[in-house]
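A.B. asks: Starting from these lines, generate the structure:
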Amino acid sequence: MQAAIQSYRKARRVDEAFRIALHYPYLQAVQKLFRDFPVQIKSYLMGVLTDQPDHPDVHYALSVALMEGGGKNTEAETHLRAALETATQENRKRDIEARLRRLNYQQ
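C.D. replies: Model prediction:
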């Protein structure tokens, strides 16, 4: 996945990379994408949230994007809490809880 993201970036097809980012926000290449395109990725993910409010990955991806892209901690926390409510995988739940602890520590 990381190679695909890098390939899309080189080809200037970041919209394709954003689609991958929605499902794999924990990858280093995706987090770099979030830092490099914070406004665009937030807009893309908010669009997904509007169109598909029950999407299983959108709150998680949006929270990671906000944390990586310098977004507001309160906004990231809101999406992390929503992601925690819908998370089914234990490793994702642990990651979300760790991110919530980091946000609370920063405040």
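
A.B. asks: which non-adjacent residue is nearest Met1?
C.D. replies: Spatial nearest neighbour of Met1, excluding adjacent residues (CB to CB, 6 or more residues apart in numbering): Tyr24 at 5.3 Å. Glycine gets a C-beta too; all of them are placed from N, C-alpha and C.

A.B. asks: distance of the one you found from Ala61?
C.D. replies: Tyr24 sits 8 Å away from Ala61 when distances are taken as CB to CB, to the nearest Å.

A.B. asks: gap between the most centrally placed residue in the chain and Lys72?
C.D. replies: Nearest residue to the geometric centre of the chain (CA atoms, centre = their mean): Ala61, 2.2 Å. Distance from Ala61 to Lys72, counting by CB to CB: 16 Å.

A.B. asks: If you rank every helix and strand of this structure by mean pLDDT, what lands last?
C.D. replies: Taking mean pLDDT, DSSP states H and E as the measure, the helices and strands of the chain show their lowest mean at helix 2-10, namely a mean of 87.

A.B. asks: who's in contact with that one?
C.D. replies: For helix 2-10, the external contacting residues (CB atoms under 8 Å, 6 or more residues apart in numbering) are Val14, Glu16, Ala17, Ile20, Ala21, Leu27, Gln28, Ala29, Val30, Leu33.
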